[in-house]
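Asks: Any chance you could fold what I've pasted below:
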Amino acid sequence: MADLPTARSARRRLLPGISIEYKLPLSIAVLLLTVIVVSSWAAYRGVRSAAFTAARERLTNVTNELASLLQTQGRQMGVLLARAAANDTIRRFFDSQTPQARLDALAALRNMGPAPEQVIGAELWSARHERLLTTIPEESYFGPGGQADNVVWAAQADTGAVGRIQEIGDSLAYPVSALVTGPAGPLGYLVQWRRGSSSPSAHEGTVAIIGTGAGLYIGNDRGDFWTDLVGAVPKPPVDIRAARGILTYERPDKGPMLAAARPLGALPWVVLVEFPERLVAAPVTLFYRRLLIVDLALVVVGLLAAWWMGHRIAAPLRQLTAASAGIAAGDYSRSVTVERDDEVGQLAAAFTTMAQRVRDAQIRLEEQVRERTSALQERNDELEAFGYSISHDLRAPLRAMQGFSQALLEDCGDRLDAMGREYAERIVAGGKRMDELIRDLLAYSRVSRAELQLMRVPLTPIAQSALAELSGLLRSRSANVRVDEPLPVVLGHPATLSQVLMNLLGNGLKFVPPERTPELRVSAERRNGLVRVWVEDNGIGIAPEHLARIFRVFERLHSTDDYPGTGIGLAIVRKAAERMGGRVGVESNPGSGSRFWIELQPAPGEGA
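Replies: Numbers count the residues shown, from 1 in each chain. Down below sits the predicted model:
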């Protein structure tokens, strides 16, 4: 009890002689301001974190899409140049470098394509990497000594290799090399220098697709040269080659940046996409300023309401004080009449009003977050539509290439020598593989992006439908298939489930040695409240160290000559399972077959 006078003295020193009519509004105003400041700051930090998380995800997706597109274009250029390197005129030049052979080779180099505005020139190099012939004025573009250090020399005759970017005169250029072979082996190399520059308007259009204020850069894997596809630019302020994930750094003219970099595999390039942090934070800052205005209005309204309530409470207290003073003076006739019994209810109503206004502010905040999320989703949809359109546009020239090559074999096959027929057949096979790859990529994109309406799906008709789709392949391999019916009912998407089973069964047929009769089995079991569907085969099996890799995009354990495919089928299976709330896995050992499984939720009412 000795502490009580001390606490009272402290309160008196803090608010000396102030009436409760003013103490209550002041106390409520301080409390209100504290709550609003803390909640507003927490809301601001939450929105800022969400905005930067969305920006990082978008940055990663954009960079991966661009890297995939550049890799595809690099492979196409290499294949086209390798076909051009099979020119007999070029081979004759390597065999006999006579003046006439030189003139014929120069003419062939100038007319091999593509469009002149895309190509600076072409060269022929010896197998020892010595330049023998060029259509480029050497002193004008290269200077003495050439630029062989930027050429990546092709190692195979059926595909070329893209080299590193450099400046040639007032243009950006990069070499594409192809191996020239003869009956006795390699003769030398065909090197074509292609322009890498784009016009400022085209560059702005590309950047606008990525996002306002974004930067797109491509550099050599050695880090010695960077370009924005218009001209040479300074290299990034961090070592991109050693960087992983989302990068943060500062550019002198733009401030802090968020960036993502991806190496391009076989291409000796690195693609870098960056966003200024200020553009990501700008909507959040605008939201915070508006929130402060709302908070100020809430403080003003709360202060007025508290003053009014303090006045209402102080009135009967003043009556009580006057009456008490009269009684203390000896006037016992004074009476206290306090007829007000609703102050607590009014105070509760005032706080309810305040809470409602805070909730209104929170609703406005969530609406702004939804609008921002919707805007980001629209940008992602635009980027997806862009990639989808490009993939479809790629199929038209592929179909033309396949059709003309097939017509060449059918109509002129008897007039072609063995090598000509082989080349035409390779064109047809390559076109088919590319078409399969594009179709599988589109299928993977659809599984990744499509809206899946989950419903009750009986697995038995789904398995029968998948087997019916594969009936031709099953008959050609004389495969034995066993389905342990009845299969359970799961929660899933019928078309997606059918695609999953077709991919797993197709793999079970594909990866079986030719001398072995395929044995397939489809079964299901209940496990830990889920339905696990098994697809078993007697194929070549998978080594334990490769089990985690096979569900990734473009992961192949065998060459297409041994076992055809694009390396996307199992990635589609994994993505489809995840979109339906499930997961996939495999049990396998080399030579003893594989047991693939997919786990899904049972349909409601089916039990565990």
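
Asks: So this protein: which segments form each domain?
Replies: If the domains of the chain are taken from automatic domain parsing, they occupy 17-283, 341-449, 450-600, with pieces of a single domain joined by a plus sign.

Asks: quick one: low-confidence ranges for the stretch 151-300 of the chain?
Replies: 198-209, 242 (pLDDT under 70).

Asks: Kindly recompute the last result at 50.
Replies: Low-confidence regions of the stretch 151-300 of the chain, defined by pLDDT under 50, are absent; no residue qualifies.

Asks: quick one: the strands in it?
Replies: With DSSP state E, counting those that start in this stretch as the criterion, the stretch 151-300 of the chain has strands at 161-162, 166-168, 171-182, 185-195, 215-220, 226-227, 232-233, 246-251, 255-263, 269-276.

Asks: Any chance of JSON lines for those, columns mean neighbour count and distance to Val299?
Replies: For every residue, glycine as well, the C-beta is placed using N, CA and C. Formatted as JSON lines, the entries for the strands of the stretch 151-300 of the chain read as follows, by neighbours: other Cβ atoms under 10 Å; distance: least, Cβ to Cβ, whole Å:
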{"stretch": "strand 161-162", "mean neighbour count": "26", "distance to Val299": "63"}
{"stretch": "strand 166-168", "mean neighbour count": "19", "distance to Val299": "61"}
{"stretch": "strand 171-182", "mean neighbour count": "23", "distance to Val299": "58"}
{"stretch": "strand 185-195", "mean neighbour count": "22", "distance to Val299": "63"}
{"stretch": "strand 215-220", "mean neighbour count": "21", "distance to Val299": "42"}
{"stretch": "strand 226-227", "mean neighbour count": "20", "distance to Val299": "52"}
{"stretch": "strand 232-233", "mean neighbour count": "14", "distance to Val299": "50"}
{"stretch": "strand 246-251", "mean neighbour count": "14", "distance to Val299": "36"}
{"stretch": "strand 255-263", "mean neighbour count": "19", "distance to Val299": "33"}
{"stretch": "strand 269-276", "mean neighbour count": "23", "distance to Val299": "34"}
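
Asks: Please tabulate those strands in JSON lines, including the columns distance to Ala115.
Replies: What follows is these, written out as JSON lines (distance: least, Cβ to Cβ, whole Å):
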{"stretch": "strand 161-162", "distance to Ala115": "18"}
{"stretch": "strand 166-168", "distance to Ala115": "17"}
{"stretch": "strand 171-182", "distance to Ala115": "15"}
{"stretch": "strand 185-195", "distance to Ala115": "10"}
{"stretch": "strand 215-220", "distance to Ala115": "21"}
{"stretch": "strand 226-227", "distance to Ala115": "21"}
{"stretch": "strand 232-233", "distance to Ala115": "24"}
{"stretch": "strand 246-251", "distance to Ala115": "35"}
{"stretch": "strand 255-263", "distance to Ala115": "28"}
{"stretch": "strand 269-276", "distance to Ala115": "22"}
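
Asks: helices and strands of this structure: which one has the lowest mean pLDDT?
Replies: helix 3-14 (a mean of 51; mean pLDDT, DSSP states H and E).

Asks: Distance of the nearest residue to Gln464 once chain neighbours are set aside relative to Val79?
Replies: Across the structure, with Cβ to Cβ, 6 or more residues apart in numbering as the measure, the residue nearest Gln464 apart from its sequence neighbours is Val483 (7.5 Å). Here Val483 is placed at a distance of 42 Å from Val79 (Cβ to Cβ, to the nearest Å).

Asks: How many neighbouring residues does Trp366 have?
Replies: One thing to correct before we go on: residue 366 is Glu, not Trp. As a burial measure, the neighbour count of Glu366 was computed by other Cβ atoms under 10 Å and equals 12.

Asks: isn't there a strand covering it?
Replies: No: the assignment for Glu366 (DSSP: H, G, I helix; E, B strand; the rest coil) gives helix, which keeps it out of a strand.

Asks: And it, how close does it get to Gly46?
Replies: Going from Glu366 to Gly46 by Cβ to Cβ gives 10 Å.

Asks: just Pro488 next, same as before
Replies: From Pro488 to Gly46 the distance is 42 Å (Cβ to Cβ).

Asks: The two: which has the busier surroundings?
Replies: A count of neighbours by other Cβ under 10 Å puts Pro488 above the other of Pro488 and Gly46, at 19 against 13.

Asks: Spit out the contact partners of the more buried one.
Replies: Residues counted as contacts of Pro488 (Cβ atoms under 8 Å, 6 or more residues apart in numbering) are 459, 524, 526, 531, 602-603, 606.

Asks: same thing with Ala266?
Replies: Counting by Cβ under 8 Å, 6+ apart, Ala266 touches 71, 74-75, 161-162.

Asks: Closest one of those residues to Leu26?
Replies: Proximity to Leu26 was ranked across the contacts of Ala266 by Cβ to Cβ; first place goes to Gln71, at 67.2 Å.

Asks: which ones are touching the closest one?
Replies: Under the contact definition (Cβ under 8 Å, 6+ apart), the residues listed for Gln71 are 264-267.

Asks: Am I right that it is in a strand?
Replies: No: residue state for Gln71 (three-state DSSP) corresponds to helix; a strand is not indicated.

Asks: Read off the pLDDT value for it.
Replies: At Gln71 the predicted local confidence, pLDDT, stands at 88.

Asks: just to revisit the earlier point, now the buried members of the contacts of Pro488.
Replies: Taking 16 or more other Cβ atoms under 10 Å as the criterion, what is buried in the contacts of Pro488 is 459, 524, 531, 602-603.

Asks: among these, which two are most distant?
Replies: Ala524 and Ala603 (12.6 Å).

Asks: returning to what we had before: let me know which of the strands of the stretch 151-300 of the chain is the nearest to Arg415.
Replies: Using Cβ to Cβ and comparing the strands of the stretch 151-300 of the chain, the one that lies nearest Arg415 is strand 171-182, at 23.0 Å.

Asks: What is the burial count for Gln76?
Replies: By other Cβ under 10 Å, 16 other residues sit near Gln76.

Asks: Surely it is in a helix?
Replies: Yes: with three-state DSSP as the criterion, Gln76 is part of a helix.

Asks: would you list every one of the helices in the stretch 401-550 of the chain?
Replies: Using DSSP state H, counting those that start in this stretch, the helices of the stretch 401-550 of the chain run over residues 418-449, 459-469, 471-477, 494-510.

Asks: Confidence-wise, which of those helices is weakest overall?
Replies: Among those, helix 418-449 has the lowest mean pLDDT, at a mean of 61.

Asks: circling back to that earlier point, relative to Asp104, which of the buried ones among the contacts of Pro488 is nearest.
Replies: Ranked by distance to Asp104 (Cβ to Cβ), the buried ones among the contacts of Pro488 are led by Leu459 at 65.8 Å.

Asks: For the closest residue to the closest one other than its chain neighbours, give its distance to Gly245.
Replies: The spatial neighbour of Leu459 that comes closest, neighbours along the chain excluded (Cβ to Cβ, 6+ apart), is Leu487 at 3.6 Å. With distances taken as Cβ to Cβ, Leu487 is found 42 Å from Gly245.

Asks: the more surrounded of these two?
Replies: Using other Cβ under 10 Å, the more surrounded residue of Leu487 and Gly245 is Leu487, with 19 against 8.

Asks: ok so, going back, can you give me the pLDDT of the residue nearest to Gln464?
Replies: Each residue has a pLDDT score; the one for Val483 is 85.

Asks: Which residues are in contact with it?
Replies: Residues in contact with Val483, defined by Cβ under 8 Å, 6+ apart, are 460, 463-464, 467, 521-523.

Asks: Quick check: the gap between Gln368 and Leu291.
Replies: From Gln368 to Leu291 the distance is 9 Å (Cβ to Cβ).

Asks: which one of the two has more residues nearby?
Replies: Leu291 (22 against 17).
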